[in-house]
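J.: Dropping a prediction and its sequence here:
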Amino acid sequence: MGMLVDGQWHDVWYDTEANKGKFEREKSAFRNWLTADGSPGPSGEGGFAAEAGRYHLYVSLACPWAHRTLIMRALKGLEAMIPVSVVHWHMAENGWTFAEGPGVVPDPIHHAQYMHQVYTAAKPDYSGRVTVPVLWDRKRGTIVSNESAEIIRMFNTAFDDLGARPGDYYPEAHREAIDAFNARIYDTVNNGVYKAGFATTQEAYEEAVYPLFGTLDWLETRLSSSRYLVGNTLTEADIRLFTTLVRFDPVYRGHFKCNLHSLADYPNLFGYLRDIYQMPGVAETVDFRHIKSHYYQSHGTINPTGIVPAGPLMDLAAPHGREGMGGLAD
Ligand SMILES: N[C@@H](CCC(=O)N[C@@H](CS)C(=O)NCC(=O)O)C(=O)O
């Protein structure tokens, strides 16, 4: 764990002292958009046109943010157009590395040993955290974006004329509802588990854990009468929720102390988790070895022994029984 300061790597843990024990997530630094014709997106510069083989995605299979991009890439059938490198699950004094290990896919562009070398290849004096996912442009030799929420929007449409699989996961008619789900789920669930887990005071932990379960209770009700969160098809709101839910019982419940209930106590949320897991292409993006080993072995302050728990026994391939459900109005 660490960060770059003026292009130099420093091994430091998150600073929660400055903020009453609360974990605050840094904003992503690279915010350009890949678009069908290279026109500029909502932020950053233009000049990043969709082309097969031009862009490269760096991910960790452990990371819920990077996981979003892998799911969208699979649903849109972009595997051949956007190759992927996978870091080792163990994030220690050098941050993310390409150390050899099962499931690790080395960096064919920079032959980097460490993920921070990819950041300094884009910006030699970069200061900030070195996070995944990262979308790299081979042509311009720089990072397009390191913000997962934006990368999935790019993948949703940018390659449609180049043979991406049909499917719109951010449909115009439902954008307002999707944005509203995303906002609450980001704050209390996706980032909520981290706020609970990385808190260094009792107050900061409680400030995160109760709203987290408040949102899960609310979602449980919503999903009792609607197969997906918005409309009656899968949207990016579901993809973003899924990557936290699939890690919930294996990691967040124990390691991050999010334990008022287990996810398996929520029949609708658990059925919904199975439903999405069983969609073509999704199960292949879920790697419990990377997920469990990463969290339990990379956060020495939380789990000093590094022991990875054996459970839970979780059958995500069991029938989910949600096929016949419809949707709810926004
Ligand atoms: N806002 C970013 C967050 C990405 C993120 O925080 N990734 C974590 C892994 S789960 C990371 O790389 N952390 C390294 C660090 O904070 O030093 C996104 O959604 O893309």
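T.: Thanks, I have it. Bear in mind that the values here come from a model prediction, so they are computed numbers and not experimental data.

J.: alpha carbons only for contacts and neighbour counts from here, please
T.: OK.

J.: so how far is the host helix or strand of R175 off the chain centroid?
T.: Assigned by DSSP states H and E, R175 belongs to helix 175-185. With Cα atoms, centre = their mean, to the nearest Å as the basis, helix 175-185 stands 16 Å off its chain's centre.

J.: Pull the residues that contact it.
T.: Y170, T215, L229, V230, T235, E236, A237, R240, L241, D330 (Cα atoms under 8 Å, 6 or more residues apart in numbering).

J.: same thing with stretch 31-44?
T.: So stretch 31-44 is contacted by 30, 45-50, 144-147, 150-151, 154, 157-161 (Cα under 8 Å, 6+ apart).

J.: show me which of these neighbour the ligand.
T.: Restricting the contacts of stretch 31-44 to those near the ligand by Cα under 6 Å from any ligand atom leaves N146, E147.

J.: Would you enumerate the residues in contact with G101?
T.: Contacts for G101 (Cα under 8 Å, 6+ apart) come out as H88.

J.: all strands for the stretch 1-150 of the chain, in order.
T.: For the stretch 1-150 of the chain, strands defined by DSSP state E, counting those that start in this stretch occupy the ranges 3-5, 8-10, 55-59, 84-86, 128-129, 134-137, 142-145.

J.: What is the burial count for K139?
T.: By other Cα atoms under 10 Å, the residues close to K139 number 10.

J.: my guess is it meets R54, correct?
T.: Yes: if you go by Cα atoms under 8 Å, K139 and R54 touch, sitting 6.4 Å apart.

J.: circling back to that earlier point, so among the contacts of helix 175-185, which ones count as buried?
T.: Buried by 16 or more other Cα atoms under 10 Å: Y170, T215, L229, V230, T235, E236, A237, R240, L241, out of the contacts of helix 175-185.

J.: Counting by contacts, list what the one helix or strand the last one maps to packs against.
T.: This points to L241. For L241, the element it lies in under DSSP H and E is helix 236-247. Applying 3 or more Cα pairs under 8 Å, 6 or more residues apart in numbering; DSSP states H and E, one finds that helix 236-247 contacts helix 64-75, helix 175-185, helix 267-277.

J.: Just name the most buried of the ones you listed.
T.: Highest mean neighbour count of those: helix 64-75, a mean of 24 (counted as mean count of other Cα atoms under 10 Å).

J.: model confidence over that helix, on average?
T.: The average pLDDT within helix 64-75 is 98.

J.: Indicate whether that helix makes contact with the ligand.
T.: Yes: using Cα under 6 Å from any ligand atom, we find that helix 64-75 touches the ligand at P64, W65.

J.: got the angle for that helix vs strand 55-59?
T.: Relative orientation of helix 64-75 and strand 55-59, computed by axes from the mean of the first three to the mean of the last three Cα atoms, to 10 degrees: 140 degrees.

J.: for helix 64-75, packing partners?
T.: Short answer (3+ Cα pairs under 8 Å, 6+ apart): helix 64-75 packs on helix 148-157, helix 236-247.
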